[in-house]
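**Student:** Give me the fold of what follows.
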Amino acid sequence: MNQFKFIDLFAGIGGFHIAMESLGGECVFASEIDPFARKTYEANFKDKSPALFKNKMFNQDIRSISPDDLPDFDILCAGFPCQPFSQAGQKRGFKDSHQSERGNLFFNIVEILDAKKPKAFFLENVRGIVNHDDGRTFKIIREILENELGYSFHYEVIKASNYGLPQLRPRAFMIGFRDEDILSGFTFPPHLPLKFNMSDVWNGDCSREIGFTLRVGGRGSNINDRRNWDSYLVDGQVKKLMTEQAKKMQGFPESFIFPVPKTQAMKQLGNSVAVDAIRECSKALVDYLDILNKNTSRNEMTKTKNKGEWTEIYSFFKIINDKKIMLSDKNLKVNNNLDHFIVNKVSTLNIPETCYLKENGNIIVKNKNTGTEKIISTEGFLNASMLKDLASQISAKTKTFPMADIELIQEKLGISIIKGGNSDQKADILLGIKNRYFEKDNEGFGIKSYLGAKPTLLNASGATNFIYEVIGLSSDALDKVNLINTRAKYKDRIQKIKELGGRLSFHKIERETFSYNLSLVDSLLPIIVAKMLQQFYEDRTNLLSKNIEEVFRKNPDLAEDLQSLQVKLKRLLVANLLGFFPNTKWNGQNISNGTIVVKEDGDQVGFHVSDMKSLEDYLFNNIKFDTPSSRNRFGNLYLENDKRLYFKLNLQLRF
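**Tutor:** From the prediction side, this is the model:
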């Protein structure tokens, strides 16, 4: 990879940036919250990476960014906050919320990896993270990256001195790849001799060849104190480490400048990564990506997929076989009062082939890229019995798995891998449909499947966090609330806040984009949904149709009558199903005009905007609040800017 793109999260003063740029990398996004570190970062990289600043891709708070707004990139780099896992700190880990939310910011990395799916990641933290909480913290990190996101995971505790710099600085380096085979071949590079020693750093005779680990606090201890890290015996005299020496020990070039006070410069260097160690391991990472890129000719169809991905292909085949879509009532029963759709064409947004369905049973497959077409008979490899068997296979599986029977059907049809819309699309499939009343040539439909767990309408993410300010409570309550770890911990934590004299007051939605989308449907929806979400977590009223009744009973000032609240809620559900994603600013238009529901037995029915009432009633009576994974950074009391207490609740909607 002579050229590649990377992002620099928790960037500090740019140690990762220097290392990656030296290997041919282009930084397309960076994020750093500390104002002094931001000043140093900009002073050193504004001229070298002008597009980063011109395109306003130097973010201040990683929590505020929607992953979908990030440019595409190849490698994610992040030295995420280490204080929660450090021996020098309180070691609260993911629960560290005493100084903002630094303990759980790892999950922002997860969210970006999940959304953007880069080729690789390189994470750095203190070595204490490996054994923190008896290894449970590291186990969670590894399981999320491997099992949930599908990356490989390699780690090693590396000292700066392993790659030429005269400093101990043991750090946990974590590297992973999206498309690495099970028999992985990545290894960390062999260690290198010192490029120079501490005598070279001081330009004098130093009593130590390798220096202490640079730190942030504790400066000025006596040279004989075990806490000492910045006093050295040089030419028989005690000398205190200054910026010039610390910069050399960390591998920063002589041209690197610090437009900040010396105390800030030392703090920044103490927080930074050792550039040479990062560079050598990054070179091994980039070289290995070259090998993986050359192996991308592996057949896409042989890869494993999850239930949802296989169901999209199943639905594609079933429509080809049935040549019709039966419309549904609110109970997923065929609505015999409505004309069903005859289907004469099937495709998706990202395959070149279109299947034209003929009355004689044949299919004409046209490839828009090559202009070729061929006539295919499905007799013998696609029928109702085979489809029932495919549905049973999908229903019985877990996680990701291969489906040889589906791959065989695709091969016989002569079509490329079928995957619905991209992450920013609602239309999983495009159909040519007609009935007595109208005809559509390329009508977009989403697909919802009951072949596995109940499908989600709105997936949880950082974008769906609702932030509540906690009024009437002091910071002394932090541990009293956050240490509650019962089965119903979120409900019990809110109850504890109340017992201690606090109350939740809706502050804002964490991401402005989601707030904008809700307001576009109706200006009152942010506050309505915030009230409903609080009702769910406090009293477990999960079915939306019942929840809204309770919210109206407790907050009659929200609307003139209950019916107006229900109308607003129905509009929101349809807009979310057909129109917007939480992380992407919406233009108010539907992306698809219908939904196909694959039922538990493999049969499928459809909804379409031509019968909006059935669609609204189905959603209103079948959508419930669901408790998401804690990785979405909610449910903890946290102190922001050493002033105010906040508490987040996360929104996820499931059928």
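**Student:** after the helix ranked longest in the chain, next one along is what?
**Tutor:** Using DSSP state H, we find that the single longest helix of the chain is helix 275-294. Counting by DSSP states H and E, the next helix or strand C-terminal to helix 275-294 is helix 307-322.
**Student:** what pairs with the following helix or strand past that following helix, and is each one parallel or antiparallel?
**Tutor:** Toward the C-terminus, helix 307-322 is succeeded by strand 324-325 as the next helix or strand (DSSP H and E). Partner strands for strand 324-325, per DSSP bridges, with pairing direction: strand 341-347 (antiparallel).
**Student:** shaky segments in the stretch 251-400 of the chain?
**Tutor:** For the stretch 251-400 of the chain, applying pLDDT under 70 flags the ranges 296-303.
**Student:** check contacts around S272.
**Tutor:** Residues near S272 by Cβ atoms under 8 Å, 6 or more residues apart in numbering: 12-13, 15, 79, 250, 252. Backbone N, C-alpha and C define where each C-beta goes, glycine included.
**Student:** most distant residue from the middle of this structure?
**Tutor:** When each C-alpha in the chain is compared with the mean C-alpha position (Cα atoms, centre = their mean), G236 comes out farthest, at 54.0 Å.
**Student:** residues touching it, list them.
**Tutor:** Going by Cβ under 8 Å, 6+ apart, G236 touches D205.
**Student:** Read off the pLDDT value for it.
**Tutor:** Per-residue pLDDT puts G236 at 95.
**Student:** How about F655?
**Tutor:** 95.
**Student:** repeat for I623
**Tutor:** The model's pLDDT for I623 equals 97.
**Student:** re the thing from before, among the contacts of S272, which one has the lowest pLDDT?
**Tutor:** Note: of those, the lowest pLDDT belongs to G79, at 91.
**Student:** For that one, which residues are in contact?
**Tutor:** Residues near G79 by Cβ under 8 Å, 6+ apart: 10, 12, 15-16, 123-125, 272-273.
**Student:** Over to it: give its phi and psi.
**Tutor:** Phi and psi for G79, reported as degrees, to the nearest 10, are phi -100, psi 80.
**Student:** thinking again about what came up before, could you single out the nearest of the contacts of G79 to N587?
**Tutor:** F10 (32.9 Å; Cβ to Cβ).
**Student:** how deep is the spatially closest residue to E510 that is not a sequence neighbour tucked in, by neighbour count?
**Tutor:** Counting by Cβ to Cβ, 6 or more residues apart in numbering, N465 is the residue found nearest to E510 once chain neighbours are left out, at 3.9 Å. For N465, the count of nearby residues is 23 (other Cβ atoms under 10 Å).
**Student:** returning to that earlier point: now for the contacts of S272, which pair is the farthest apart?
**Tutor:** G79 and F252 (14.6 Å).
**Student:** from memory the residue nearest to E510 sits against G635, does it?
**Tutor:** No: at 10.1 Å, N465 does not count as touching G635 under the criterion of Cβ atoms under 8 Å.
**Student:** Using the record's assignment, carve the protein into domains.
**Tutor:** Taking automatic domain parsing as the reference, the chain has its domains at 4-194+274-294, 300-452, 457-594+614-654.
**Student:** so can I have a markdown table of these showing distance to R208?
**Tutor:** Output for the domains of the chain, formatted as a markdown table (distance: least, Cβ to Cβ, whole Å):
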| stretch | distance to R208 |
| --- | --- |
| domain 4-194+274-294 | 8 |
| domain 300-452 | 51 |
| domain 457-594+614-654 | 38 |
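**Student:** Contact partners for the residue nearest to E510?
**Tutor:** Neighbour list for N465: 509-511, 632-634, 648-651 [criterion: Cβ under 8 Å, 6+ apart].
**Student:** Kindly recompute the last result at 6 Å.
**Tutor:** With contact set as Cβ atoms under 6 Å, 6 or more residues apart in numbering, N465 has these partners: 510, 634, 648, 650.
**Student:** and the gap between the residue lying closest to I257 once chain neighbours are set aside and C77?
**Tutor:** Leaving aside its chain neighbours, I257 sits nearest to A43 (5.7 Å; criterion: Cβ to Cβ, 6+ apart). Applying Cβ to Cβ, to the nearest Å, the value for A43 to C77 is 20 Å.
**Student:** So for those two, which sits in the more crowded spot?
**Tutor:** C77 (29 against 15).
**Student:** any idea whether the more buried one is helix, strand or coil?
**Tutor:** Secondary structure state of C77, per DSSP: H, G, I helix; E, B strand; the rest coil, is strand.
**Student:** So what sits opposite it in the bridge?
**Tutor:** Under DSSP bridges, the beta-bridge partners of C77 are D8, F122.
**Student:** Settle this for me: it is touching F16, isn't it.
**Tutor:** Yes: contact between C77 and F16 holds when scored by Cβ atoms under 6 Å: they sit 4.1 Å apart.
**Student:** ok, back up a step: of the contacts of G79, keep whichever come out buried.
**Tutor:** For these, a burial check counting by 16 or more other Cβ atoms under 10 Å picks out 10, 12, 15-16, 123-125, 272-273.
**Student:** Take those and keep only those in helices.
**Tutor:** Using DSSP H, the buried ones among the contacts of G79 in helices are 15-16.
**Student:** of all the buried ones among the contacts of G79, which two lie farthest apart?
**Tutor:** L123 and S272 (15.1 Å).
**Student:** ok, back up a step: between C77 and F16, what contacts are shared?
**Tutor:** Common neighbours of C77 and F16 (criterion: Cβ under 6 Å, 6+ apart): D8.
**Student:** Give me the distance between the closest residue in space to T187 that isn't next to it in sequence and S184.
**Tutor:** Once flanking residues are discounted, T187 sits nearest to A284: 7.3 Å by Cβ to Cβ, 6+ apart. Noted for A284: a distance of 13 Å to S184, by Cβ to Cβ.
**Student:** So the two - more neighbours on which side?
**Tutor:** Each of A284 and S184 has its neighbours counted (other Cβ under 10 Å); A284 has more, 17 against 14.
**Student:** In this structure the more buried one contacts P189, no?
**Tutor:** Yes: contact status for A284 versus P189: in contact at 4.5 Å, counting by Cβ under 6 Å.
**Student:** Tell me the one of the contacts of G79 nearest L70?
**Tutor:** Nearest member of the contacts of G79 to L70, counting by Cβ to Cβ, is F10, at 14.8 Å.
**Student:** Please state the offset of the one helix or strand E26 maps to from the chain centre?
**Tutor:** For E26, the host element (DSSP H and E) is strand 25-31. Offset of strand 25-31 from its chain centre (Cα atoms, centre = their mean, to the nearest Å): 18 Å.
**Student:** the inter-axis angle of it versus helix 275-294?
**Tutor:** 110 degrees (axes from the mean of the first three to the mean of the last three Cα atoms, to 10 degrees).
**Student:** what are the phi and psi values for the residue most central in space within the chain?
**Tutor:** Central residue of the chain (Cα atoms, centre = their mean): E111, 1.6 Å from the mean position. The phi/psi pair for E111 (degrees, to the nearest 10) reads phi -60, psi -40.
**Student:** so what's D601 up against?
**Tutor:** Shown in contact with D601 (Cβ under 6 Å, 6+ apart): no residues.
**Student:** Am I right that it falls within a strand?
**Tutor:** No: assessed with three-state DSSP, D601 is coil; it does not lie in a strand.
**Student:** Would you quantify the distance from it to N306?
**Tutor:** From D601 to N306 the distance is 20 Å (Cβ to Cβ).
**Student:** just S614 next, same as before
**Tutor:** S614 sits 29 Å away from N306 when distances are taken as Cβ to Cβ.
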